[in-house]
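> Could you work out the structure for the sequence below:
(chains A and B)
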There are 2 protein chains.
Amino acid sequence: MKTETDIVSRVLSGETRAIARLMSKVEGRPDDSADMMAAIYAKTGRAHVIGLTGVPGSGKSTLVHVIAKELRRQGKSVGIVAIDPSSPYSGGAILGDRVRMSDLSTDEGVFIRSLATRGALGGLARAALDTADILDAAGFDVILIETVGVGQDEVDIAESAETVLVVSAPGLGDDVQAIKAGVLEIADIHVVSKCDKDESSRTVADLKSMLKLGSAVRDRFGWDVPVLRTSAETHLGISELVETLEKHRLHLAESGEHSVRKKKILSKRIIKTAEDMLRQRLGQGEELDAAVSEVMSGQTSPRRAAETLLRDL
Amino acid sequence: MKTETDIVSRVLSGETRAIARLMSKVEGRPDDSADMMAAIYAKTGRAHVIGLTGVPGSGKSTLVHVIAKELRRQGKSVGIVAIDPSSPYSGGAILGDRVRMSDLSTDEGVFIRSLATRGALGGLARAALDTADILDAAGFDVILIETVGVGQDEVDIAESAETVLVVSAPGLGDDVQAIKAGVLEIADIHVVSKCDKDESSRTVADLKSMLKLGSAVRDRFGWDVPVLRTSAETHLGISELVETLEKHRLHLAESGEHSVRKKKILSKRIIKTAEDMLRQRLGQGEELDAAVSEVMSGQTSPRRAAETLLRDL
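Presented below is the predicted three-dimensional model:
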């Protein structure tokens, strides 16, 4: 317990090695870190947590990079939580996007953490939000959580942020665009990347007409979801984007949406965490094996077996 | 209860309207259908259940279509469970792929069911597997479960089948290929679609070299994972593919892999179902709201709140 208090206070004073150590604990053995994370959680709420998502090829990693640089230029410290698609078997991260971040990684005002998706037993959402909490408590001003905008888990994670940014690129294929549809509606701010390209006007127009059609979808307390044109190449629109992020945060606070949204986010987070715990307990005990055998031998159905397990917990 | 027994027996005799009705019940109010689904489950195990997955743009819907037609030509009846990406808010299915199935939908030997992904509270995996069970019990010879190969839930569903087929198309972008990596390893059979295109040889070669490198990843009891070239356009390789599906089924039975795999699938399914139930219960009661308020007021952390909820269940 002595060491635990020590790690927590070192995290709170922003010590890089302690931050990395606690993050590893949180990913690997969440049960062991519950006390520490409760102490950390009590110190969160100061950072602006931004979720950034987009389909493969939308240029979201590059955008995270330039946003982080712009924030640094303004003297703000930045935490980045990047979620990589990865194999359910090998467990390793696959995309090489992180490499592009390398010129940020030597900057003390930036902390980058990549999380690999871990298959069904991992609790990715919990790990991602715990990681963001650690960065928040450690004093980072802005935290960017980057996820690929496909799959419910990934969308859920992006949506757990105060401000949700959805990135679209001009000229992606129809199939990719269709998948994207599920994610468009969660945006507080739409960003069209690669606006040095001609086709970008079309993408901007498409997004705007979609927003008109679906305006009643989510109550945003009077916030008009903007569609911003950016180019990481020419730096087009990047400082406007960072300004808009700040404006959205003010809007949340002033409109009263902040606490409404926080309640929703927390309720989802608590449910997800309880699910994780359930999964871990079932995975450890012998009850699950017994249940499987009963279903295999025709004595019960999968759903009845699940009911019994939950009841006997 | 009278009506329930009636619906079940009508499903077992293959009556289309009863099948559709039970499927709707199972999707909408799973708790009300637990008894019926236990009776249905007891009658499953005859059909060959095939999971088919691939990234957006891989041509998997078209492939499902031509496989179904080939199976029909051989006199086999076919059930199709198609999982559509959709909005977490509107809840509606978005892809127009199902339209292409229209010439199958007038065939009495084919039953097509589309499931929309429903956001975090939906229990998509449970609904998909229940739907497949209904088709199995109703006497369909082959059941094809089609999911997009991104997102853990979708990959899990495909992997719940006896035979897993992963579709790759030549010439997709790097980002899409990277996402695909997570799904390649679950394949019992690799299918390269659109092999009327020149670039397809490259895709076949890539898959083969990947298989050589990763051969130890999953114990397949001596099954050599084949890479099959197909074209829906020219019908290239379609009958070979259907033959290979049958061969894989025989392999599962003869090698003893079938029961090993079934145990794994069931154990995942029971855990998922228990999670669904937990989520539903937490979503209904007042305990969750109380827990959220406690976290909001700083009395506890999300994880501690989840622990308490799970303990007091």
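> And residue A:70, how close does it get to chain B?
For residue A:70, the distance to chain B equals 24 Å [C-beta to the nearest C-beta, to the nearest Å]. All C-beta spots, glycine's among them, are computed from the backbone N, C-alpha and C.
> Likewise for residue A:43?
Residue A:43 is 10 Å from chain B, where distance means C-beta to the nearest C-beta.
> how close does that residue sit to residue B:195?
57 Å (C-beta to C-beta, to the nearest Å).
> Just want to know which of those two has more residues nearby.
Neighbour totals were compared for residue A:43 and residue B:195, and residue B:195 leads with 23 against 16 (other C-beta atoms under 10 Å in any protein chain shown).
> Just the pLDDT for the nearest residue to residue A:115 once chain neighbours are set aside.
In space, and not counting its chain neighbours, residue A:115 is closest to residue A:83: 5.2 Å by C-beta to C-beta, 6 or more residues apart in numbering or on different chains. Note on residue A:83: pLDDT of 84.
> and for the helix or strand harbouring residue A:83, what are the contacting residues?
Residue A:83 is part of strand A:78-84 when elements are defined by DSSP states H and E. The contact list for strand A:78-84 (C-beta atoms under 8 Å, 6 or more residues apart in numbering or on different chains) reads A:47, A:61, A:64, A:68, A:71-72, A:93-95, A:97-98, A:101, A:104, A:109-117, A:124, A:128, A:131-132, A:135-136, A:138, A:140-148, A:154, A:157.
> for chain A, which spans come out with low pLDDT?
By pLDDT under 70, the low-scoring segments of chain A are A:1-2, A:84-103, A:117-122, A:149-152, A:173-182, A:214-218.
> Domain ranges for it, per the record?
Domains of chain A are assigned by automatic domain parsing as A:1-43, A:47-255, A:256-313.
> In CSV: the ones you listed, plus distance to residue B:56.
Below are those laid out as CSV (distance: least, C-beta to C-beta, whole Å):
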stretch, distance to residue B:56
domain A:1-43, 29
domain A:47-255, 4
domain A:256-313, 26
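> Which among the ones you listed is found nearest to residue B:298?
Across those, residue B:298 has its closest neighbour in domain A:1-43 (6.3 Å, C-beta to C-beta).
> how about stretch A:222-231, does it get close to chain B?
No. Judged by C-beta under 8 Å from any C-beta of the partner chain, stretch A:222-231 stays clear of chain B, getting no closer than 13.3 Å.
> which parts of that stretch are buried?
For stretch A:222-231, a neighbour-count test (16 or more other C-beta atoms under 10 Å in any protein chain shown) marks A:223, A:225, A:226, A:227, A:228, A:229, A:230, A:231 as buried.
> what's the spacing between residue A:196 and chain B?
Taking C-beta to the nearest C-beta, one finds residue A:196 at 19 Å from chain B.
> Thought residue A:233 was touching that residue, still the case?
Yes. Using C-beta atoms under 8 Å, residue A:196 is in contact with residue A:233, at 5.3 Å.
> picking that back up, can you tell me which of the contacts of strand A:78-84 end up in strands?
Counting by DSSP state E, these place A:110-116, A:142-148 in strands.
> So what are the sheet partners of the helix or strand harbouring residue A:164 and their directions?
Assigned by DSSP H and E, residue A:164 belongs to strand A:163-168. For strand A:163-168, the paired strands and their directions (DSSP bridges) are strand A:48-54 (parallel), strand A:189-192 (parallel).
> out of the ones you listed, nearest to residue B:21?
Shortest distance between residue B:21 and these, using C-beta to C-beta, is found for strand A:48-54: 37.8 Å.
> distance of the residue nearest to residue A:115 from residue A:273?
From residue A:83 across to residue A:273, the span is 17 Å (C-beta to C-beta).
> thinking residue A:10 is in contact with residue A:20, fair?
No. At 10.9 Å, residue A:10 and residue A:20 do not qualify as touching, with contact defined as C-beta under 8 Å.
> Between those two, which is the more surrounded one?
Set residue A:10 next to residue A:20 and count neighbours by other C-beta under 10 Å: residue A:10 wins out with 17 against 14.
> how about the nearest residue to the more buried one, chain neighbours excluded?
Residue nearest to residue A:10 in three dimensions, not counting chain neighbours: residue A:18, with 3.5 Å by C-beta to C-beta, 6+ apart.
> quick check: angle from the helix or strand where that neighbour lies to strand A:78-84?
Element membership for residue A:18, per DSSP H and E: helix A:16-28. Here helix A:16-28 points in a direction 30 degrees away from that of strand A:78-84 (axes from the mean of the first three to the mean of the last three C-alpha atoms, to 10 degrees).
> which parts of helix A:16-28 are buried?
In terms of neighbour count (16+ other C-beta under 10 Å), helix A:16-28 has its buried residues at A:18, A:19, A:22, A:23, A:25, A:26, A:27.
> which of those lies closest to chain B?
residue A:26 (9.9 Å; C-beta to the nearest C-beta).
> just checking, that closest one touches residue A:130?
Yes. Residue A:26 is within contact range of residue A:130, at 4.5 Å (criterion: C-beta under 8 Å).
> can you list residues touching both of the two?
Common neighbours of residue A:26 and residue A:130 (C-beta under 8 Å, 6+ apart) are A:33, A:37.
> Strands along the stretch 201-313 of chain A, start to end?
Taking DSSP state E, counting those that start in this stretch, the strands of the stretch 201-313 of chain A run over residues A:227-229.
> what's near enough to touch the closest residue in space to residue A:308 that isn't next to it in sequence?
Counting by C-beta to C-beta, 6+ apart, residue A:308 lies nearest to residue A:291, which is 6.8 Å off, once chain neighbours are set aside. Residues in contact with residue A:291, defined by C-beta under 8 Å, 6+ apart, are A:300, A:305, A:306, A:308, A:309, B:270.
> Widest-spaced pair of the residues you listed?
A:300 and A:309 (10.9 Å).
> more crowded one of these two?
Between residue A:300 and residue A:309, counted using other C-beta under 10 Å, residue A:309 has the larger neighbour count: 22 against 19.
> Might one say that residue A:244 is in contact with residue A:228?
Yes. Counting by C-beta under 8 Å, residue A:244 touches residue A:228, with 6.4 Å between them.
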